[in-house]
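Chemist: Provide a 3D model corresponding to the input given below.
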Amino acid sequence: MALHSGTAEPILGIRAARCWFPEKTRRPADEVRIGNLTPEQAARHGDVTLHIARSWETESAPAMAVAAGRAALSASGVPADGVGLLAYAWTNYQGNPFFTAGHCVAEGLGLPRSCAPVGIQQACNGAAMAFSLAAGQLRMDEHSHALIVAADRFGAPAVDHWRSHIMLAYGDGASAAVVGRPGPGDAFHLLAVEHVAAPELWRTRDDYDGFGPQPALAPPYINAMPTEKFSDEGGRPRLRAVSHECITEAVDTALDRARLSPGDPRIARVLAPRLSDKVRELMIGPIEEKYSDRVVCHYSASGHLGAGDFLANIAEAETAGDLAPGDIVLVLGAGGGYSYTCAVLQVPLERAA
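Modeler: So this is what the prediction gives:
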C-alpha cells in the first residue's frame, strides 16, 4: 500500500502529561520475605516493581489524582481557571462508598465552578475514552482546556496488588494530561482516536451467583480473574480471539482516519498497556507482533496502573525527550468490559521556542 503524503488535521493538542507515584516501592521478593506471597506466586509475577501508597489521608486515589493534575497543569502553563472539563477515570475503590470522586479532585485542584467534573467508569480504558469526551467539550468552548486524570490505589479487601490476578500486579499512582485546541507549544497532537467495544465480554465477570443487592465482599480480596462460570463455558479462548479482533480494528481505523498507512516509517513508538507479557499477548498480541521493533511497555517499572496506563505512557513519552518533530506514536488502551483504543499522536512539526 502506498504511504499517504500527509496526515490528518489534529483533533486535540496535548499540552503536557505527568505522573505522580508514591515513594514506597515493593517487589515480589519483598512480599515473599514478609509471607504475603509464596515463591511460586512471586515467580509468576517476574521482574516488576510496584509503587505502594501509604496513608489514606495523604495518598488516597483522589489525593494522588490532585498531585498528578497539579503537575500536569504546572508543566502546561494552563491556569486552573482555564479548565472547562475535568474527566476523572478510575478502576478500584476510591476510599468513600458514596461520593463523586471527580468533584473531590476538582476541589483539590481549585478548579472553577464553570468546570464540569465527570467521572468515567470504563475500567482500565477509562482515561483513553476521556479523549473523545474532551474533544466534544472543546467543540463547544474552543478557548477552554480539559484536564484528564486517572488514579488508582489498590489493596485488600478490594483489588489486591499481588493476589487478585495470578498473572498481573497492580501498582498505585496517578497520571494526568492537559488538552486543548492544537497549537505549536503542544507536546503532541492527537490525529485520531478509535474505540472498539466488545460488550459480550462483560461476562468475564458473570458468575454463578448472578446479580445481588449490594457489593459482594470476597475476603480477603477481589478476584480479578475471569469467573469460573465464564471459564467453564469456554470463554478464555473467546476472550483472546475477540480482543485480537478489536485491537486490530481500533489500530487500523485510527491509522486510516489519521491518513497513515500501517507501514509508515514515521511510526516511531507503539505504547502498550502496562500489562504482563502473558496478559499483553491476550489483549494486543497481533499489534505487538506487527510492531515488535517499536513496542514500549513500562509494566516492569510500575505494574498495571488500572485506568492510568494510557496517560502514564503519554507522560513517559513526553518527558523522555527522544522523539523528533513529525514522529508518530500509537498509544494502545484496553480494559475490562471490554473496550479497546488506539490513539495516533504526532510530535508537532513546529515547536514553540
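
Chemist: what bits of the chain have low per-residue confidence?
Modeler: 1-6, 216-219, 351-353 (pLDDT under 70).

Chemist: could you pull out the helices for it?
Modeler: 28-33, 39-45, 56-59, 61-76, 101-109, 126-140, 228-232, 235-257, 277-290, 299-302, 309-320 (DSSP state H).

Chemist: what sits against residue 7?
Modeler: 191, 258-260, 328, 346 (C-beta atoms under 8 Å, 6 or more residues apart in numbering). Every residue, glycine included, has its C-beta placed from N, CA and C.

Chemist: for those, pick the one with the most neighbours.
Modeler: residue 258 (27 neighbours; other C-beta atoms under 10 Å).

Chemist: quick check: phi and psi at it.
Modeler: phi -80, psi 0 (degrees, to the nearest 10).

Chemist: that one: what's it in contact with?
Modeler: 7-8, 191-192, 328, 344.

Chemist: can you check residue 124 too?
Modeler: 91, 273, 304, 306-307, 309, 333-336.

Chemist: grab the nearest non-local neighbour of it.
Modeler: Spatial nearest neighbour of residue 124, excluding adjacent residues (C-beta to C-beta, 6 or more residues apart in numbering): residue 335 at 3.5 Å.

Chemist: so that neighbour versus residue 201, what's the distance?
Modeler: Remark: distance between residue 335 and residue 201 (C-beta to C-beta, to the nearest Å) = 10 Å.

Chemist: which of these two has more neighbours?
Modeler: Neighbours per residue (other C-beta under 10 Å) separate residue 335 from residue 201, with residue 335 holding more: 24 against 20.

Chemist: partner residues bridging the more buried one?
Modeler: Taking DSSP bridges as the rule, residue 335 bridges to residue 339.

Chemist: gap between residue 322 and residue 296?
Modeler: 11 Å.

Chemist: now do residue 83
Modeler: For residue 83 relative to residue 296 (C-beta to C-beta), the value is 29 Å.

Chemist: show me which of the two is the more surrounded one.
Modeler: residue 83 (26 against 15).

Chemist: the more buried one reaches residue 149, doesn't it?
Modeler: No. Between residue 83 and residue 149 there is no contact under C-beta atoms under 8 Å: 10.7 Å.

Chemist: returning to what we had before: the residue nearest to residue 124 contacts residue 121, correct?
Modeler: No. The criterion here is C-beta under 8 Å, and residue 335 misses it with residue 121 at 10.3 Å.

Chemist: picking up where we left off before, shared neighbours of residue 83 and residue 149, which are they?
Modeler: Common neighbours of residue 83 and residue 149 (C-beta under 8 Å, 6+ apart) do not exist.

Chemist: quick revisit: the contacts of residue 258: which two are farthest apart?
Modeler: Spanning the widest gap among the contacts of residue 258 are 8 and 328, at 11.5 Å by C-beta to C-beta.

Chemist: give the contact list for the residue nearest to residue 124.
Modeler: 91, 122-126, 128, 307.

Chemist: may I see those arranged in JSON lines, with distance to residue 16 as well?
Modeler: Below are those laid out as JSON lines (distance: C-beta to C-beta, whole Å):
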{"residue": "91", "distance to residue 16": "24"}
{"residue": "122", "distance to residue 16": "23"}
{"residue": "123", "distance to residue 16": "26"}
{"residue": "124", "distance to residue 16": "23"}
{"residue": "125", "distance to residue 16": "22"}
{"residue": "126", "distance to residue 16": "20"}
{"residue": "128", "distance to residue 16": "18"}
{"residue": "307", "distance to residue 16": "19"}
